[in-house]
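In: Here you go, sequence then predicted model.
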Amino acid sequence: MMKPHQSFEGDRVVVSGGGGAGMGASLARKLTGLGAEVHVLDLKTPPAPADAHFYATDLSDPEAISAAVAEIGGPVAALFNCVGVPGNRTSPLDTMLINFAGVRHLTEAVVPHITPGGSVTTIASQAGSHWSDNLETLLPLVHTKGFDGAKDWCEQHPDEIALAYPASKEAVVIWTQYAAVELGQKGIRINCTLPGPTATPMTADFEAMTGKEFWDTFPIPLGRPATPDEQAEVLLFLGSPAASCITGTALLTDGGTTGGVTTGLLTVAH
C-alpha cells in the first residue's frame, strides 16, 4: 500500500539548522509528527521534539559535517538544509561558508545515502531573488569542487562576497538549479525556498542591520510576516512525494513582495 503523498512514516530524514526556534525547528517537529526518524544537525539543541536524534555540529566545519553524516548512515529519504546566519554575526567569509559551502558539503555527503525518489530542500531567502543579475559572477563559485574549493574562491573574491548574506543565498539558488541536472539522473529532486520576512529569532538581526523602521514599513501584500510553521509546511511539500515532478525550483514564499516589486506596484526602501 502506498503512503499518503505527504507522509514521512518510517523515513530517515536529516535536518540541518533544526535547533533553536526557527523554521528548521518547526520543520523537525512536524516531521516527527508525520512519523519520520529525524536527525538534527546544529549547535543549538532542538527544543522539540525530544525524540529527534541530535548531533552537535559546526556547520562551517566540513569534517564535523562528514562525521555526523557517517554516524547517521542511510538510507535517507530527505535532506532539509535549514541552517543559515544573517551576516551580522560573522565575517563575510564565514557567512558564505555556513550558508553556501557548508550546505553544499552536507548535501554532497548525504546524497550517496538518498534513495531514488528522495529529495533535498534548502532554505535560501528573498534576499537571493536577484540571483539572475549575479549569475555570471557567482556561477564560478558554484562550479568549484568541494568545501575547500568554495572557500578558496571566496577568499580570492572579497569584493564579490562583501554583501555576504544576499550573495550566499543567490549562490544557493544558482547551485540548486545547477545540481538538479546531475541529481535528477539519480532520481533525486532538489529545490529551495526564498522566504520573505518571517517571525523567527533572526528577525532581530535583520532589524539591527537595516533598522527596525525598514522592516516595519516593508511591503508585504499579505499584510504580515510569515510564521516558521507556515514556511515549514512549504518545505514539507517540496520534500515529499507530493512534489514528485518539481526539481531545480526556487519557490518564493515572501507573501507576494517580489511579485509586487517586479510589476512596479510596490517599492522597497533602500
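Out: All right, it came through fine.
In: CA only for contacts and neighbour counts going forward, please
Out: Will do.
In: How about Ile114: what's its closest non-neighbour residue?
Out: Val76 (4.6 Å; Cα to Cα, 6 or more residues apart in numbering).
In: Hmm, Val15 and that neighbour touching each other?
Out: No - the pair Val76 / Val15 is not scored as a contact, 11.1 Å apart, by Cα atoms under 8 Å.
In: Which of those two has more residues huddled nearby?
Out: Val15 (25 against 21; other Cα atoms under 10 Å).
In: returning to that earlier point: contacts only, for the residue nearest to Ile114.
Out: 11-14, 110, 113-115, 118 (Cα atoms under 8 Å, 6 or more residues apart in numbering).
In: Tell me which of the residues you listed fall in strands.
Out: Counting by DSSP state E, these place 12-14, 114-115, 118 in strands.
In: could I get those residues as a markdown table with distance to Glu233 and pLDDT?
Out: As requested, those are exported to a markdown table (distance: Cα to Cα, whole Å; pLDDT from 0 to 100):
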| residue | distance to Glu233 | pLDDT |
| --- | --- | --- |
| Arg12 | 18 | 97 |
| Val13 | 15 | 98 |
| Val14 | 16 | 98 |
| Ile114 | 21 | 98 |
| Thr115 | 22 | 96 |
| Gly118 | 17 | 97 |
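In: For stretch 257-265, which residues meet the burial criterion?
Out: 257-258, 260 (16 or more other Cα atoms under 10 Å).
In: low-confidence ranges in the stretch 1-150 of the chain?
Out: 1-6, 48-51 (pLDDT under 70).
In: how about a cut-off of 50?
Out: 1-2 (pLDDT under 50).
In: what are the ranges of the strands in it?
Out: Taking DSSP state E, counting those that start in this stretch, the strands of the stretch 1-150 of the chain run over residues 12-16, 37-42, 53-56, 76-81, 114-123.
In: so who does the most centrally placed residue in the chain touch?
Out: Among the residues of the chain, the one closest to the centroid is Ile123, at 2.3 Å (Cα atoms, centre = their mean). The neighbours of Ile123, taking Cα under 8 Å, 6+ apart as the test, are 81-83, 192-195.
In: can you rerun that using 7 Å?
Out: 81-82, 192-194 (Cα atoms under 7 Å, 6 or more residues apart in numbering).
In: ditto for Ala269
Out: Phe214.
In: how close does it get to Ser66?
Out: 42 Å (Cα to Cα, to the nearest Å).
In: Could you check how far the nearest residue to Leu135 once chain neighbours are set aside is from Arg29?
Out: Among residues not flanking Leu135 along the chain, Ile174 sits closest, at 7.2 Å (Cα to Cα, 6+ apart). When distance is defined by Cα to Cα, Ile174 is 29 Å away from Arg29.
In: what helix or strand is the residue nearest to Leu135 on?
Out: In the assignment (DSSP states H and E), Ile174 maps to helix 164-184.
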